[in-house]
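Engineer: curious how this folds, go ahead:
(one chain, ligands or ions: 1)
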Amino acid sequence: MQVQTKYLSPLAVGLAPYVPGEQPTDRRYIKLNTNESPYPPAPGVLAAIQRQVPGLALYPDPDARALCRSLAALHGLAADQVYAGNGSDEVLAFAFAAFFAGKTLLAPDLTYSFYPIFAKFYGVDYRQIPVAADFSIDPQGLCAGHAVILANPNAPTSLALPLANIRHLARHCHDPGRVLLVDEAYGPFGGESAIPLIVDFDNLLVVRTFSKAHGLAGLRLGYALGQPALIDGLRRIRDCVNSYPVDSLAQAAAQAAAEDTDYLADTVRKVLATRTRFAGALAALGFTVLPSATNFVFARHPAHSGEALQAALRRRGVLVRRFPGTRTEDWLRISIGSDADMDEVLAMLNALIRP
Ligand code: PMP
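Structural biologist: Sure, this is the predicted structure:
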């Protein structure tokens, strides 16, 4: 579509906005394109929301203190080391404004595709460090004297970087005051969390979300963990944009979801069991499947283009994600859905690949 620039500011004209995975409503789809959970949120979420309804005439707590206290206790931190925002995308956007605007920021060149868009929006000198041919991240390449952002486990590759590498990066970034942001959107599904490093590194910010493991993508709740100077930096930006980014229903719902650790563990266990089974079945069909530490797999077939497979699945009502560029165009990123959904997908792939 042609962009109408007549009314736009110079800032808006120059932007190339992020295109999220589609959420179509024209028919029933097996939606495996945005890494949502196939399971509903914890059972206590509904009652927690209902309890907030009589108080909706009032503005919410701008600092979401009850939620932050819960998250702090769960992660072994203090409440002033937690910041809650409207989805982790918003937390990331505020972090770019607070810590990276006007500076140089290094990132792997294959990672969450929202980072370069935030960078452009906030005037960040964003430098992309190539990942290896096997898509692994070389942490040494990110040790070049600047702030660093990375998703761990990474998207869309599903690969995790060991904690020793994250510690090395945090140490390298430490002086003089460069922030290392580790986006752990997929942390509950594998890899090693950087949260235990926060006590030692005041330059480390870890960002997490309720959109994946907690089954609350529709609620929009993300959070950041770090020492108080970084948390205050996020609040500084927030209070120049929107003092109440997390509504009171979302605060209560997220707290209920966070506190039901048994339900979370059970959901994650189910997703991991399905992932193991699905990845094994893909490999048996001849796919190359990267070792996933997330709730999705990244896979390619040597005899079928990614474009053809994606289109064939779509015609059969299955949405999966593919990323442009010669390195990735033949790879499919397939979210882990319910066992029944994945069985349907496997039957389709079987028919496509062994007709
Ligand atoms: N980080 C990564 C690596 C992601 O894949 C996503 C989901 N697209 C997000 C952050 C944003 O998640 P949300 O805004 O739903 O918390």
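Engineer: where does Pro291 land on pLDDT?
Structural biologist: As summarised for this prediction, Pro291 has a pLDDT of 98.
Engineer: and the nearest residue to it once chain neighbours are set aside, how many neighbours does it have?
Structural biologist: What sits nearest to Pro291 in space, not counting adjacent residues and going by CB to CB, 6 or more residues apart in numbering, is Leu159, at 7.0 Å. For glycine as for every other residue, the C-beta is placed from the backbone atoms N, C-alpha and C. A count of nearby residues for Leu159, using other CB atoms under 10 Å, gives 24.
Engineer: change the start of the numbering to 49 and stick with it
Structural biologist: Noted, 49 is the first residue going forward, which turns the last one into Leu207.
Engineer: ok, now which ones touch Leu207?
Structural biologist: Leu207 is in contact with Phe183, Ser184, Ile185, Pro201, Leu338, Pro339, Ser340, Ala341, counting by CB atoms under 8 Å, 6 or more residues apart in numbering.
Engineer: filter the residues you listed down to just the ones in helices.
Structural biologist: Using DSSP state H, no member of these falls in helices.
Engineer: closest to the ligand out of these?
Structural biologist: If you rank those by distance to the ligand using CB to the nearest ligand atom, Pro201 comes first, at 8.5 Å.
Engineer: what mean pLDDT would you report for the lengthiest helix in the chain?
Structural biologist: Once the chain is assigned using DSSP H, the helix that runs over the most residues is helix 309-332. Averaging pLDDT along helix 309-332 gives 98.
Engineer: elements contacting it?
Structural biologist: Using 3 or more CB pairs under 8 Å, 6 or more residues apart in numbering; DSSP states H and E as the contact definition, the elements that helix 309-332 packs against are helix 296-307, strand 336-337, strand 344-348, helix 387-401.
Engineer: got the buried residues for that helix?
Structural biologist: Counting neighbours by 16 or more other CB atoms under 10 Å, one finds that the buried residues in helix 309-332 are 311-312, 315-316, 318-320, 322-323, 326-327, 329-330.
Engineer: check stretch 60-78 too.
Structural biologist: Buried residues in stretch 60-78, defined by neighbour count with 16+ other CB under 10 Å: Tyr77, Ile78.
Engineer: what does it contact?
Structural biologist: Contacts to stretch 60-78, defined as CB under 8 Å, 6+ apart, come from residues 51, 53, 79, 81-82, 161-162, 165, 168-169, 365-367, 369, 385, 389, 392-393.
Engineer: 7 Å instead?
Structural biologist: Stretch 60-78 has contacts (CB atoms under 7 Å, 6 or more residues apart in numbering) with 53, 81-82, 161-162, 165, 168-169, 365-367, 369, 385, 389, 392-393.
Engineer: now the residue sitting nearest the centre point of the chain: closest residue in space that isn't a chain neighbour?
Structural biologist: The centre of the chain sits closest to Ala233, judged by CA atoms, centre = their mean, with a distance of 3.6 Å. Here the nearest residue to Ala233 in space, its sequence neighbours aside, is Thr257; by CB to CB, 6+ apart that works out to 4.8 Å.
Engineer: wait, doesn't the one you found sit right on Gly270?
Structural biologist: Yes. Using CB atoms under 7 Å, Thr257 and Gly270 qualify as a contacting pair, with a distance of 4.5 Å.
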